[in-house]
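Participant: please work out how this folds:
(one chain, ligands or ions: 2)
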Amino acid sequence: MTSLAHAALDQLSALLGKRCLTDPDSAQRYGVDWTKVWAPAPSAVVLPETTEEVQQIVEIANEHGLHLVPSGGRTGLSAGAVAANGELVVAFDRMNRVLDFNEYDRSVTVQPGVVTQQLQEFADSKELFYPVDFASAGSSQIGGNINTNAGGIKVIRYGMTRDWITGLKVVTGRGELLDLNKGLIKNATGYDFRHLFIGSEGTLGFVVEAAVKLARRPKDLTALVLGAPGFREVMKVLHAFQKDIDLTAFEFFSDKAMAHVLEHGVAKPFDSDCPFYCLLEFEQLSEHTGERAMEIFEHCVEQGWVLDGVMSQSLGQLEQLWQLRERISESIAPHTPYKNDISVTVSKVPDFVEDVDKVVQDAYPDFEIVWFGHIGDGNMHLNILKPADLPKEDFFRQCGDVSKWVFEIVQKYDGSISAEHGVGMTKKPYLSYSRSEEEIAYMKAVKAVFDPNNVMNPGKLFDV
Ligand SMILES: O=C(O)CC[C@@H](O)C(=O)O
Ligand SMILES: [Zn+2]
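Facilitator: Ligands and ions are numbered 1, 2, ... in the order given. Next comes the predicted model:
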């Protein structure tokens, strides 16, 4: 570990005892997320258990000029929670309790270290539903989800994390505790700071408590996996289903993505090989919905938009079909992927994908390019896989060069360079492709208000 001012370390140890860690294993464990670009090098790791302790940590940081990095489930993909420069990591694993539940408000109050799946299971135990879901739900924490405004596989129906947070308690970079919006549905009293903190990547303060809204449990979820001859056909299928059915998900993946998950032991859904696949899901609110889905499926086949397909007949089959999509990220991970998480409005998706695909195919004739994502909400994951014999540094450098061309197209289409993974360090150099100079100046000014000494996660999102 790099050296932290002795006086600061003494104060932290006096405050937290054994919950102030300076051993190399803890540094490795708490100083990284799922990006493998920067090596972890924090000065120390602290594990607060109360809001008061969080406030005192922030006060010590201000006094000694420490830099603080929030750490949740560490499943991030943009290096937003990486401590690579001697920072103090503040990990929320010990603040992981459900504090309150109110069935009339359909609201649950949680600490930031509650794991997403723990929240989903709690909601289920109350016969309710927390709908924000993604493959890393088993380890990601709600505090991290709030800091990145996490999205995932159900956004088409339920929106992002932002749409489910009705209240936030935060400790600002000044060490003050703010109680934001207090669980209210309606509150027209000026600036809603809750929304400033959601998606702020820990640059303004720490989330120490959140009030989360819950939904009705979905009824008889059913999935269809369909094979399509081309990408444009996938979008026609989306349109055909959406005209009649409220979809809870519409995901797509290419044949290359399919090949990787099959190699990882997931069962093939049907015999035909197709260039593209989509997975769509809906609630069977009545028998009629299933019949209507079959009619639309047949229509898509007649039109030549669908080559083959399968529909789940049980919860087990539904879960099996979801594996095809949810396990893509882990199945390509051994190939050191360079990730892009880009979005445009849904109507622009076909032209946008065609333009980007042309650029990356030309730029990387020897690299494998894997497309998949949440196409129903306009979010594509573009992963470039590293050839086994190419050194990691050369690979990332080449990918970085091409990113500029990709992001020029994103800008042309008024899209986002980070739809749901955040900016962190990986996308920081490209922020101006999605946000104007004026906007970035306002962002910096806002940070200065909440965190005047720049103790909160510096070097992420933008440089001050
Ligand atoms: O690995 C990726 O590029 C995407 C990860 C995640 O957002 C997903 O949708 O599976
Ligand atoms: Zn995703």
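
Participant: going forward, measure contacts between C-alpha atoms and count neighbours the same way
Facilitator: Will do.

Participant: what number of residues lie near residue 29?
Facilitator: Neighbour count for residue 29, taken as other CA atoms under 10 Å: 12.

Participant: with residue 169 instead?
Facilitator: Residue 169 has 22 neighbours, counted by other CA under 10 Å.

Participant: residue boundaries of the strands in the stretch 1-150 of the chain?
Facilitator: Remark: strands assigned in the stretch 1-150 of the chain by DSSP state E, counting those that start in this stretch are 20-21, 44-46, 68-71, 88-91, 98-102, 107-110, 128-129.

Participant: same question, the stretch 251-400 of the chain
Facilitator: All strands of the stretch 251-400 of the chain, identified by DSSP E, counting those that start in this stretch, fall at 276-283, 308-311, 338-343, 368-374, 379-385.

Participant: quick one: the third one to strand 368-374, angle?
Facilitator: Calculated by axes from the mean of the first three to the mean of the last three CA atoms, to 10 degrees, strand 338-343 forms an angle of 30 degrees with strand 368-374.

Participant: how far does strand 338-343 sit from its chain's centre?
Facilitator: Counting by CA atoms, centre = their mean, to the nearest Å, strand 338-343 is centred 11 Å from the centre of its parent chain.

Participant: likewise the longest one?
Facilitator: Relative to the centre of its chain, strand 276-283 is centred 20 Å away, using CA atoms, centre = their mean.

Participant: what sits against the residue in the chain positioned nearest to ligand 1?
Facilitator: Closest residue of the chain to ligand 1, CA to the nearest ligand atom: residue 329 (4.1 Å). Not one residue lies near residue 329 by CA atoms under 8 Å, 6 or more residues apart in numbering.

Participant: list the contacts of residue 103.
Facilitator: Applying CA under 8 Å, 6+ apart, no residues qualify as near residue 103.

Participant: looking at it now. What's its pLDDT?
Facilitator: Residue 103 is assigned 97 on the pLDDT scale.

Participant: leaving out the residues flanking it, which one is nearest to residue 279?
Facilitator: residue 225 (4.5 Å; CA to CA, 6 or more residues apart in numbering).

Participant: the one you found: neighbour count?
Facilitator: Using other CA under 10 Å, residue 225 has 25 other residues around it.

Participant: my guess is residue 360 contacts residue 402, does it?
Facilitator: Yes: Residue 360 is within contact range of residue 402, at 7.4 Å (criterion: CA atoms under 8 Å).

Participant: who has more neighbours, these two?
Facilitator: residue 360 (20 against 15).

Participant: can you pull the contacts of that one?
Facilitator: With CA under 8 Å, 6+ apart, residue 360 has these contacts: 369, 402, 406.

Participant: output those residues as a markdown table; include the columns pLDDT and distance to ligand 1.
Facilitator: Shown next, in a markdown table, are the contacts of residue 360 (pLDDT from 0 to 100; distance: CA to the nearest ligand atom, whole Å):
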| residue | pLDDT | distance to ligand 1 |
| --- | --- | --- |
| 369 | 96 | 12 |
| 402 | 89 | 17 |
| 406 | 97 | 15 |
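
Participant: format the residues you listed as TSV; extra columns: distance to residue 437.
Facilitator: As requested, the contacts of residue 360 are arranged in TSV below (distance: CA to CA, whole Å):
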residue	distance to residue 437
369	32
402	22
406	20
